[in-house]
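S.K.: next comes the sequence, and after it the predicted model I'd like to discuss.
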Amino acid sequence: MSDDLRKLKALDQIAPSGMADLGRESVHPDDLAVDRFAVAMKAKLAKKRAEGRGGWEDPEQCTGAFLSRLLVEHVEKGDPLDVGNLAMMLHQRGERISNERERYADKRRDKIAPPMPTNGGSRTRAELERAKRREGGA
């Protein structure tokens, strides 16, 4: 059983955070679903950090238009965790999802963004994308 699945099963056994004093039957299914989704989102973010991803919180390194483009592209890929994480990033920065024109207007800038910190080194977004393509990743 994967670590992520163990975490999700463990979460099913406890009340959501902030609701420990409520009986399980009084917890709305929406709250349980959001808590389980948050655990899965955190696991996915941790995995990607371990692979050297990061920098979403810095608009100089990662524009809102770039995050919006990734969000739309990941809808097509079909992974709701990626979509949720990208939506969270925009939400936490107080940004909206950019329209199509805005998403692609700064595409050149995204390729020449400053280096992003990664596991003791520093690689640009373009270098990360090239490495991802070589590995056959999405």
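M.R.: Received, thanks.

S.K.: measure I97 to P29 for me?
M.R.: The gap separating I97 from P29 is 27 Å, by C-beta to C-beta, to the nearest Å. For glycine as for every other residue, the C-beta is placed from the backbone atoms N, C-alpha and C.

S.K.: neighbour count: these two, which is higher?
M.R.: I97 (17 against 7; other C-beta atoms under 10 Å).

S.K.: which pLDDT value goes with that one?
M.R.: On pLDDT, I97 comes in at 92.

S.K.: in this structure, which helix or strand is least confident?
M.R.: One helix or strand of the chain scores below all others by mean pLDDT, DSSP states H and E: strand 116-118, with a mean of 46.

S.K.: this protein: strands as residue ranges?
M.R.: Shown for the chain, the strands assigned by DSSP state E span residues 116-118, 121-123.

S.K.: mind listing what's buried along the helix ranked longest in the chain?
M.R.: Using DSSP state H, we find that the single longest helix of the chain is helix 29-50. For helix 29-50, the neighbour count (16 or more other C-beta atoms under 10 Å) marks L32, D35, R36, A40, M41, A43, K44, L45 as buried.

S.K.: same question for stretch 48-61.
M.R.: Within stretch 48-61, the residues scored as buried using 16+ other C-beta under 10 Å are G52, G54, G55, W56, Q61.

S.K.: which non-adjacent residue is nearest Q92?
M.R.: In space, Q92 comes closest to E57 once its chain neighbours are excluded; the distance is 7.4 Å by C-beta to C-beta, 6 or more residues apart in numbering.

S.K.: so that neighbour touches H91, yeah?
M.R.: No: counting by C-beta atoms under 8 Å, E57 does not reach H91; the two are 12.0 Å apart.

S.K.: and of the buried residues of stretch 48-61, the nearest to R103?
M.R.: R103 lies nearest to W56 out of these, by C-beta to C-beta, at 15.4 Å.

S.K.: skip the chain neighbours and tell me the closest residue to that closest one.
M.R.: Nearest residue to W56, sequence neighbours excluded (C-beta to C-beta, 6+ apart): M89, at 4.5 Å.
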